[in-house]
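**Student:** my questions are about this predicted structure, shown below with the sequence.
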Amino acid sequence: MEPTLERTRALSAARAHLDRGFRFEQAGSLARALEEYHDALESKPVPVEEIEARLRTARVHRTMAAWDLCRAESDAAIRLADAHGEDDLAAEAMNVQLGALQVQGYYAEADEIGHRAIGRARSARVRGITLQNLGRSAAEQGDFPRSERYFAESIEAFRAANYDIGLAVALTNAAKAAFDQGQAARALDIGHEAIGLARRLNQLDVLLTAVQNQAAAFATCGEHDAAEALLTEALGHFTSARNLIRQAECLEIMGQMSEARSTDPETARRCYERARELAIAVGNRPLAERLTGRLRGR
């Protein structure tokens with residue numbers, strides 16, 4: 001049966017809100033993104049649009065470290081997807097949960113969800129997202145050979161899907177993994193490519209995450225002025241976006257820089273303390289534990 005004119009308008013209204021919300025989300029304007037996704041839900045969306053609105057809302061709550069709200073919305077998205085046979089959207093919503101668990105340090109549970117999501121992914125894009133998240137989990141646990149395999153497979157999937165945003169995220173995560181392995185020069189090379197792609201796509205949040213990673217690599221190479229300029233840019237963005245996790249990570253790098261200069265240990269301590277407060281506030285256990293170790297001089 002053909003949709004009525006009233007229904008067509010309702011569909012268009014919901015999709016318009018989803019599109020505007022995504023632009024706000026990528027720019028780091030999270031409150032505005034939530035407003036648009038809420039308006040999409042109020043616009044009598046069809047099931048696919050409602051699922052998308054709920055999983056995107058969950059994704060924003062994840063960024064804001066509102067874990068209970070993230071879980072509630074992603075669960076709702078998965079239930080709706082199950083009811084309407086939308087496996088790909090169910091897998092995408094599961095990836096939101098996976099990412100939230102990773103930040104909190106629950107890697108085993110995150111990996112279990114990731115492997116289930118791979119079985120439900122129907123598109124190359126969602127398969128790539130899932131492989132990327134599994135790679136990030138492996139890297140966070142220090143299993144870099146496994147993480148590199150996942151990253152390589154995810155990049156192949158993103159290329160097949162012509163999903164440039166995914167490629168930008170993949171390059172950003174690969175740069176971080178290289179840095180974590182002590183390969184600062186390689187991290188800078190990969191990060192340069194990530195920044196160029198994110199800038200071309202106008203993906204501000206991805207761009208500033210890549211900038212943050214570059215700052216850490218520059219600091220390790222002793223190029224503190226370059227690192228400080230990048231960190232100031234990234235910290236300003238993440239403070240404006242109220243992204244407490246990224247703020248804490250930037251402050252940790254600033255503390256490391258102050259510590260390396262050996263001229264201002266008090267500044268390093270203040271950076272670590274503030275970063276640890278933020279990490280505890282958002283429930284990021286791995287980061288909080290690492291900062292506790294830094295404060296104890298380990």
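**Tutor:** Cool, got the structure.
**Student:** where in the chain is pLDDT low?
**Tutor:** Across the chain, the stretches falling below the confidence threshold (pLDDT under 70) are 1-11, 262-263, 298.
**Student:** please redo it, this time with the cut-off set to 50
**Tutor:** 1-10 (pLDDT under 50).
**Student:** so where do the helices sit in the stretch 101-250 of the chain?
**Tutor:** Listed from the start of the chain, the stretch 101-250 of the chain has helices (DSSP state H, counting those that start in this stretch) covering 107-120, 124-140, 144-161, 164-180, 184-201, 204-220, 224-240, 244-261.
**Student:** turn the ones you listed into CSV, including distance to Leu89.
**Tutor:** Using the backbone N, CA and C atoms, a C-beta is placed for each residue, glycine as well. As requested, those are arranged in CSV below (distance: least, Cβ to Cβ, whole Å):
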stretch, distance to Leu89
helix 107-120, 9
helix 124-140, 8
helix 144-161, 15
helix 164-180, 16
helix 184-201, 23
helix 204-220, 22
helix 224-240, 29
helix 244-261, 26
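**Student:** and these as a markdown table, adding mean neighbour count and distance to Ala66?
**Tutor:** Formatted as a markdown table, those follow (neighbours: other Cβ atoms under 10 Å; distance: least, Cβ to Cβ, whole Å):
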| stretch | mean neighbour count | distance to Ala66 |
| --- | --- | --- |
| helix 107-120 | 17 | 18 |
| helix 124-140 | 24 | 19 |
| helix 144-161 | 18 | 27 |
| helix 164-180 | 23 | 21 |
| helix 184-201 | 19 | 25 |
| helix 204-220 | 24 | 17 |
| helix 224-240 | 17 | 16 |
| helix 244-261 | 22 | 11 |
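**Student:** need the phi and psi values for Gln141.
**Tutor:** phi -90, psi 0 (degrees, to the nearest 10).
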